[in-house]
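**Student:** Have a look; sequence and predicted model below, questions after that.
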There are 2 protein chains.
Amino acid sequence: MIKTPYLLFLGDAPDQLAAKVAQGIKDWRPEFAVGQFRMDGCKADMGLTDMTLDEAKAAGARTLVIGVANRGGVISPAWRHVLAEALLKGFDLASGLHNLLADEPELVEIAKAEGRELHDVRVPEIDYPIANGRKRTGKRCLAVGTDCSVGKMYTALAMDAEMQKRGMKSTFRATGQTGILITGDGVPLDAVIADFMAGAVEWLTPDNDADHWDLIEGQGSLFHASFSGVTLALVHGGQPDALILCHEPTRDHMRGLPDYTLPSLEELRDVAMLLAKRVNPDVQVVGISVNTQHMSDAESAAYLAEVEARMGLPTVDPFRNGSGRLVDALSALG
Amino acid sequence: MIKTPYLLFLGDAPDQLAAKVAQGIKDWRPEFAVGQFRMDGCKADMGLTDMTLDEAKAAGARTLVIGVANRGGVISPAWRHVLAEALLKGFDLASGLHNLLADEPELVEIAKAEGRELHDVRVPEIDYPIANGRKRTGKRCLAVGTDCSVGKMYTALAMDAEMQKRGMKSTFRATGQTGILITGDGVPLDAVIADFMAGAVEWLTPDNDADHWDLIEGQGSLFHASFSGVTLALVHGGQPDALILCHEPTRDHMRGLPDYTLPSLEELRDVAMLLAKRVNPDVQVVGISVNTQHMSDAESAAYLAEVEARMGLPTVDPFRNGSGRLVDALSALG
């Protein structure tokens, strides 16, 4: 578990998009973001107070989170200097970079000497059990997609925020690097050893109050030839009571697979239900979340209305319309 | 790749069953088994010539394969002494034990000094790619089961042996520890990192002659809450042209999951076909392999006839009846 609150390290981000991890924390856990640390030439800005390490420390920050993708896969000497200084000033470090903090001998040695923690959220920190398939108390909602990167994490975070606002009991359960850095906790599912995937998801979503909802971050797609096994482990380990179907309607092939078209929402519904019923006979599809960012307002509204009529399910773009109708549908489940 | 042929190490096996890896090599790759090495008190016997390390070396053996499960998960001092001597005499070592050769400092140091290889087949030896889903040349057959441990490996090995006898082009592709030790090569799929499972299966079953069949060793079950993700990676990475359904009819719950009954063969057929069509629209179920070891001859015959009539597919117990009819069905595919 990563200690909060954070100072967000934006480094020398070439643009706003490079800092999307920081943006996610700012958007979804603003209470975790004490300030931002920018180096010369940084083109990203979260609208937070720019702070020195000392100022952030005084403001209560406990972890410096690398909120930016690095160029060329290397931690530059300029970055390393800041990270080393942060450790010396008492910060833990957290990173979702491909190249690990644990592979930087200088940082490892300083952390050891100072008693600080290095969190590489791409690497599982614990040994997960084999899944046992036993029914757990509490309720679980899983977003499944027609493809990768269609808005599953966004949908779950938006629903969690709406449920918190309504005073419902809910927890967003992160299963990917960005989600883990946003919330400070979770399972980096794509890095787990095959035999333990479903067990890791069970571990992440344990027994809970009867009226508590886990909003489980989806990964991949049951239809994606590269990552479908990870998705099925989420379905079988997550034991969802509710499924949300996620889709991006303007894509002409599966992400990274030019030979594959996307399945229809009907196909996704049928396959996901068939597989999920194995672990929870009462599972239901409660709504549809569409990422319409590449459509005009009019196109988006028309598309959502068409899907809603066709599928008979509440259909929203949570970014444009909010996730209230999806949460209504969850509440209606009881 | 493990160097053949082997000397089979039976250690102090308490019974024949404890040496089932050695039995598999003896049954399926007898040409790899130069002889057996037994310690005092060994109760297993493969019917091979008992050899000293020197005799086996003179007979051409290149790798000492640990063909026996160890007691209590520890490599005993008596075993370690033999293994060290084997390294000094020029053997590589291969093991599928939970506790790794690589975790035995003495063996690691000797292997390094002598230029010998330690093969722990539970640990992937290479970095597998992300699956790309592209259509490959050649043909592939995958055994899928209603549960784990219902005879998927046996079925694929039996079909491969029958195809070799008929002069057909075929390769058994191992995806588990025992299969890898039997054939000297393969992917330990349950130990692969989640993101690379399907890619590992693609790597294992590359482009081949148009009339060549890969017989892919199945793992887990699409219906098994603990391991279904591994199975789906096999279906999507394997791009099967042909599926064989495997079943064990006397089991009253899924292996390791007391709360779960087995699916019917019809359910297995429908779910496996639905998922496999995503990567190969022409996939067909060609036959059924039933493990009837817990039935009498008469019960077995009656059960197989009933299933064959119900499902309309050639149905055999390859151990009792041979796999000829399954291979006929593959041949009929063209």
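**Tutor:** Cool, got the structure.

**Student:** For the residue in chain A sticking out farthest from the centre, which three-state class applies?
**Tutor:** Centroid-distance maximum for chain A: A:A113 at 32.4 Å, with C-alpha atoms, centre = their mean. Here A:A113 is recorded as helix under DSSP: H, G, I helix; E, B strand; the rest coil.

**Student:** any idea how far A:F9 is from it?
**Tutor:** Distance, A:A113 to A:F9, using C-beta to C-beta, to the nearest Å: 21 Å. From N, CA and C alone the C-beta is placed, and that goes for glycine too.

**Student:** next one: A:A161
**Tutor:** Counting by C-beta to C-beta, the separation of A:A161 from A:F9 is 24 Å.

**Student:** who's more crowded, those two?
**Tutor:** More crowded of A:A161 and A:F9, by other C-beta atoms under 10 Å in any protein chain shown: A:F9, with 29 against 20.

**Student:** Close to chain B: what parts of the stretch 201-334 of chain A are there?
**Tutor:** Contact residues, the stretch 201-334 of chain A versus chain B (C-beta under 8 Å from any C-beta of the partner chain): A:222-223, A:225-233, A:236-237, A:254, A:256-257, A:259-260, A:263, A:271, A:274-275, A:278-279.

**Student:** Please settle this for me: is A:L64 part of a strand?
**Tutor:** Yes: counting by three-state DSSP, A:L64 is part of a strand.

**Student:** Can you read off the pLDDT for it?
**Tutor:** For A:L64, the model assigns a pLDDT of 98.

**Student:** same thing with A:V74?
**Tutor:** Looking at A:V74, its pLDDT reads 77.

**Student:** That one and A:L97 touch, don't they?
**Tutor:** No: using C-beta atoms under 8 Å, A:V74 is not in contact with A:L97, being 9.5 Å away.

**Student:** of these two, who's got more company?
**Tutor:** Between A:V74 and A:L97, counting by other C-beta under 10 Å, A:L97 is the more crowded of the two (19 against 12).

**Student:** Assumed A:V271 was part of a helix.
**Tutor:** Yes: according to three-state DSSP, A:V271 belongs to a helix.

**Student:** That one: neighbour count?
**Tutor:** Other residues within reach of A:V271, judged by other C-beta under 10 Å, total 22.

**Student:** Do you have the strands of chain A handy? List them.
**Tutor:** For chain A, the strands defined by DSSP state E cover A:6-11, A:33-38, A:63-66, A:92-95, A:118-120, A:139-145, A:169-173, A:212-216, A:242-247, A:284-290, A:315-316.

**Student:** Quick one: closest of those strands to B:N132.
**Tutor:** Closest approach to B:N132 among the strands of chain A is made by strand A:139-145 (19.5 Å; C-beta to C-beta).

**Student:** is chain B contacted by that closest one?
**Tutor:** No: contact of strand A:139-145 with chain B (C-beta under 8 Å from any C-beta) is absent, the minimum separation being 13.4 Å.

**Student:** Pull the distance from that strand to the chain's centre.
**Tutor:** How far strand A:139-145 lies from its chain's middle: 13 Å, per C-alpha atoms, centre = their mean, to the nearest Å.

**Student:** Listing partners with orientation, what would you give for that strand?
**Tutor:** Looking at strand A:139-145 with DSSP bridges, its partner strands are strand A:212-216 (parallel), strand A:242-247 (parallel).

**Student:** how many degrees apart are the shortest one and strand A:169-173 in direction?
**Tutor:** Here strand A:212-216 runs at an angle of 20 degrees relative to strand A:169-173 (axes from the mean of the first three to the mean of the last three C-alpha atoms, to 10 degrees).
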